[in-house]
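In: Okay, sequence plus prediction incoming.
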Amino acid sequence: METKTAKILDGKALAAKIQKELAATIAEVQPKIGRPPGLAVLMVGDNPASAAYVSNKEKACAKVGIASFGKHFPTHTNQTELEEVIAELNQDQRVDGILVQLPLPNHLDAISLLHKIAPDKDADGLHPVNLGRLVRTEAGLRSCTPAGVMRLLEEYKIPLVGKKAVVVGRSILVGKPMALMLLDADATVTIAHSRTQNLKTITQNADILVAAAGIPRLITADMVKPGAVVVDVGINRVTDSSGKSRLVGDIDFAPTANVAEYITPVPGGIGPMTVAMLLQNTVSSYLRTNSN
Ligand SMILES: Nc1nc(=O)c2c([nH]1)NC[C@@H]1CN(c3ccc(C(=O)N[C@@H](CCC(=O)O)C(=O)O)cc3)C=[N+]21
């Protein structure tokens, strides 16, 4: 009996390479510009997962030479206070990127806050102007997670033209921009979601399958076409049978790896790529504002 095992799309390694390149770029241009790039991460409340992500982002910034202007607000902070902070950061010449860590506490309106970020400092690519630029295929800041997926597929020279791509999930953060980016790359794109009927019959057609539903092990091996490229955007913390907490994606990894040709791991796949794209967005804003 022979089982083939999928090749790993190593997001962690590629993210490290991108960060090295960004560090070299920053080291080269900073003396001319006279300041490092700056990223402000705003976090509200004390969601432990968010705190861990924010601390990862700040460490990554420090590593490549991006200054962090992180601000941590208590849970009860109101909308107006946050809008004022964003208005100040929009004007702050030291700050090239602004990110509001999601989710926010329920009393806050995330969408209206995202609208207040200057589009050219929108490191997350979630402002309506940047989403509109994506729809129109214009240059702009792109959402980090789907941009990270595209960059990883490019690194491994995965052909996309004319291929059937299925995105499972339709969030503003991932699913919708992911579908648009795959479409721009000339894939034939299907978006499936929580109301999709017969999900399996759709995923089984996918040459490229992107799981971004946030449901642990939603995609099982029987749902995947042999030879497919499988990308796992899910980051789900689950408690395993021995009571230990661990990170799993939306894909049932080990069995699926026996069917797919390429697969991204969790951890070590799209998570680190998301952080790398955030840094890249910050650096491109920095280079653009200082290029004339
Ligand atoms: N405005 C906003 N922008 C975001 O991009 C955003 C957000 N809010 N809210 C939460 C999600 C989640 N997210 C992750 C980024 C990196 C890893 C990551 O690096 N994960 C590592 C492992 C981390 C671990 O072990 O906990 C990995 O997958 O290898 C995970 C999750 C960004 N998000």
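Out: Structure received.
In: Quickly find the element holding the closest residue to the ligand within the stretch 51-200 of the chain.
Out: Nearest residue of the stretch 51-200 of the chain to the ligand, counting by C-beta to the nearest ligand atom: L102, 3.7 Å away. Glycine gets a C-beta too; all of them are placed from N, C-alpha and C. Using DSSP states H and E, L102 is not contained in any helix or strand.
In: Quick check: it touching L173?
Out: Yes - contact criterion C-beta atoms under 8 Å: L102 and L173 qualify, at 7.0 Å.
In: Neighbour count for these two, which is higher?
Out: Each of L102 and L173 has its neighbours counted (other C-beta atoms under 10 Å); L173 has more, 20 against 17.
In: Quick check: that one is in a strand.
Out: No - counting by DSSP: H, G, I helix; E, B strand; the rest coil, L173 is not part of a strand but coil.
In: can you give me the helices for the stretch 51-200 of the chain?
Out: Taking DSSP state H, counting those that start in this stretch as the criterion, the stretch 51-200 of the chain carries its helices at 79-91, 110-116, 128-135, 144-155, 175-184, 199-203.
In: okay, those helices in JSON lines with distance to the ligand, mean pLDDT and mean neighbour count next?
Out: Below are those laid out as JSON lines (distance: least, C-beta to the nearest ligand atom, whole Å; pLDDT from 0 to 100; neighbours: other C-beta atoms under 10 Å):
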{"stretch": "helix 79-91", "distance to the ligand": "13", "mean pLDDT": "98", "mean neighbour count": "14"}
{"stretch": "helix 110-116", "distance to the ligand": "8", "mean pLDDT": "96", "mean neighbour count": "16"}
{"stretch": "helix 128-135", "distance to the ligand": "13", "mean pLDDT": "98", "mean neighbour count": "18"}
{"stretch": "helix 144-155", "distance to the ligand": "5", "mean pLDDT": "98", "mean neighbour count": "23"}
{"stretch": "helix 175-184", "distance to the ligand": "12", "mean pLDDT": "98", "mean neighbour count": "22"}
{"stretch": "helix 199-203", "distance to the ligand": "22", "mean pLDDT": "98", "mean neighbour count": "16"}
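In: Indicate which one of these is closest to F253.
Out: With C-beta to C-beta, the closest approach to F253 among these belongs to helix 199-203: 15.4 Å.
In: Tell me which residues touch P36, please.
Out: Shown in contact with P36 (C-beta atoms under 8 Å, 6 or more residues apart in numbering): I26, Q30, G65, I66, A67.
In: and P159, how many neighbours?
Out: Neighbours of P159 under the rule other C-beta under 10 Å: 13.
In: Next one: it from R151, what distance?
Out: 15 Å (C-beta to C-beta, to the nearest Å).
In: With I117 instead?
Out: Distance from I117 to R151, by C-beta to C-beta: 23 Å.
In: Near the ligand, which residues of the stretch 101-250 of the chain are found?
Out: When proximity is defined by C-beta under 6 Å from any ligand atom, the stretch 101-250 of the chain lies next to the ligand at Q101, L102, D124, C144, I235, L247.
In: Quick one: the strands in the stretch 151-292 of the chain, in order.
Out: Here the stretch 151-292 of the chain has its strands, by DSSP state E, counting those that start in this stretch, at 164-168, 188-192, 208-211, 229-232, 236-239, 245-248, 262-263.
In: could you redo those as CSV and give each row mean pLDDT and mean neighbour count?
Out: Listed next are the strands of the stretch 151-292 of the chain as CSV, based on pLDDT from 0 to 100; neighbours: other C-beta atoms under 10 Å:
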stretch, mean pLDDT, mean neighbour count
strand 164-168, 98, 26
strand 188-192, 98, 19
strand 208-211, 99, 28
strand 229-232, 98, 28
strand 236-239, 92, 12
strand 245-248, 93, 13
strand 262-263, 98, 23
